[in-house]
Each structure stands twice: as C-alpha cells, then as structure tokens.
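In: Sequence below, structure please.
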Amino acid sequence: YESSWSCSWPYVTGFFDAEGHIRIQAVRSEVSLHIGQKFEGVLRTILAFLTANCPECSGNIRSTTQSASVLYITQRQTCTYILHMMLLSGLSVKRTAAELALQLNKSNQPEIRKLMGATYGNQGRYRRLDKQACTLIKLVNQLQQKKRYRVAKGHGVETDAIEQQLRDLKDMRVRKHAVARLGVLRSDIRCLLRCGAVKS
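Out: Residues are numbered from 1 along each chain as shown. Next up, the predicted model:
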C-alpha cells in the first residue's frame, strides 16, 4: 500500500470519518486519535504522512486482534493540529466531535466528555463511564501514585492500608458501573415500550 498511492489530507479526513475515533480520557483533559483498519499497510502510509506533516508526531500502530490494527496518536499538540486540518479538509461525520475536542480544557472536561459520548450514537453505549465512575478512577490513580511514592521513599510496609483502599475502590467502581449500565438499559427498554415495542 505504501508504494501504490500518495496520501493527502482529504484522504486522511475521509478515512478518519469512516474508521477513526476521538477519545477523551476519563480523568484527564487529554485527547487521543485512533484509526482502526484491517490492512496495516494503510495505517503505515497514513502514519508516514502525519509524521511528515504534523509537529512532533510520533504515533504508533498496535495489533488488536489477528485481523485488525489501530493507529494511535496521543500528543495533545499533534491531535489538535490534525483535527484542525481535517476540519479544513471537510470532516463530516465526526465534525461535531472534533469541534468539541478542540474546546477541551481542565474546567470543562466532564461536560465535553459527556457531549462527546452523545455524538457516538449507540456505539459503546453500555460501556461508557459516567461521571461517578470517572471520579472513582481518579481516586484510584491518586492512591496508586501515593503508594508508588511511599515505596520509593522506603516505606513499603506502610502500603497495606493503601492496597486495601485500592481494592475497595476498584470493587466499588465495578459495582457502580454495572448499576449505571443497567440504568441506561432500563431507560432504553422503557423508551422502546413507549414507542410500541412488544415484549417477547
């Protein structure tokens, strides 16, 4: 694929519209861009184009299954530049998501992440983390940092209590996420019934 055609911003834009994904992290105001594809050669060509045309781009390609690969771009400056260029090149399906991602900052991260979720339609609807789950993840990350600090200072024996807190928080996160998923599912079922769906 690399030698058979020349990549361009319109091509990258159209490809991203079809196969790309804009992700906002659960607990940080960070954006990443993902492109999935069966043929890794196509991703290598796109990555080569982005590396040549974007500031400090250092994306990487990972195999997710035996038949698919994903190109990951994680640098904030690079993601911002790519999103701007794709908007100028006619980004359509993911235009709203791109515009929201460009507005992201520390103060509006939860709101932007929620609005981004609405642009995905039903894709991953029951896997999305709500605000409460994101808060729990943030607490887990803070405790993990605290544990690493104490170990680095030679106070590893004092981490037992932190380990227990981590287990409790992780269990709570799983339970809360399950309850939230069931709540969304029940809401969807009620909506379908109101629209005339018949119980089977």
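
In: got a list of contacts for stretch 97-107?
Out: Stretch 97-107 is contacted from outside by 22, 24, 29, 31, 79-80, 83-84, 86-87, 91, 112, 115-116, 119-120, using C-beta atoms under 8 Å, 6 or more residues apart in numbering. Quick note: C-beta positions are derived from backbone N, CA and C, even for glycine.

In: go again using 10 Å as the cut-off
Out: 16-17, 20-25, 28-33, 76, 79-80, 82-84, 86-87, 91, 94, 108, 111-120 (C-beta atoms under 10 Å, 6 or more residues apart in numbering).

In: Now intersect the residues you listed with the strands, please.
Out: 20-24, 31-33 (DSSP state E).

In: Test my guess that M85 contacts L91.
Out: Yes - at 9.1 Å, M85 and L91 qualify as touching, with contact defined as C-beta atoms under 10 Å.

In: Compare those two and say which is more crowded by neighbours.
Out: Neighbours were counted for M85 and for L91 using other C-beta atoms under 10 Å; L91 has more, 22 against 16.

In: dump the residue contacts of that one.
Out: By C-beta under 10 Å, 6+ apart, the neighbours of L91 are 12-14, 16-17, 20, 83-85, 97-99.

In: rerun that using 8 Å as the cut-off
Out: 13, 16-17, 98.

In: Drop anything exposed from the contacts of stretch 97-107.
Out: Buried members of these, counted by 16 or more other C-beta atoms under 10 Å: 16-17, 20-24, 29, 31-33, 79-80, 82-83, 86-87, 91, 94, 112-113, 116-117, 119.
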